[in-house]
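> model this:
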Amino acid sequence: MAALLRIEWQETDAARIARELRKRRGMRFTFLRTPGVPYHNSAAENAIRQGVLIRKVSGGRRTRAGTHILERLLTVYRTCRKRGVSFRDLLPMMLTGAGPPLPSGHPRT
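Numbering: from 1, shown residues only. Predicted coordinates:
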């Protein structure tokens, strides 16, 4: 790959791609250098898949507000699944304000 990136490409797209790859050199092959980093992005793809399926089955989201609400619900749903929290139990508590909010996972400052 290093040899290919040293070439001064004349084709516009090839030059652009080579420039981007050179610029992101430190980010390439992280999965080889860092234990626990997956070699694929299946988790990211799976995270958006449910929203895509809902949009296809329902014929799309009709309003900007509807899109916003669905995105937020799916975000909370996926976070619940990752943390082993029951979405069905948590959602009514969040909507009525009767329970604690789902922790964000960000450190408190």
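
> check the gap between the residue positioned nearest the centre of the chain and Pro38 for me.
Against the mean C-alpha coordinate of the chain, by C-alpha atoms, centre = their mean, the closest residue is Ala44 at 4.4 Å. Ala44 sits at a distance of 10 Å from Pro38 (criterion: C-beta to C-beta, to the nearest Å). In short, each C-beta sits where N, CA and C put it, glycine included.

> cool, and Leu90?
Relative to Pro38, Leu90 is positioned 28 Å away (criterion: C-beta to C-beta).

> how about Ala3?
With distances defined as C-beta to C-beta, the gap from Ala3 to Pro38 amounts to 28 Å.

> could you do Arg64 as well?
Plainly put, Arg64 is 34 Å away from Pro38 if you go by C-beta to C-beta.

> check Glu71 too.
Glu71 is 24 Å from Pro38, where distance means C-beta to C-beta.

> can you get me a residue count around Thr79?
Other residues near Thr79 number 16, with proximity taken as other C-beta atoms under 10 Å.
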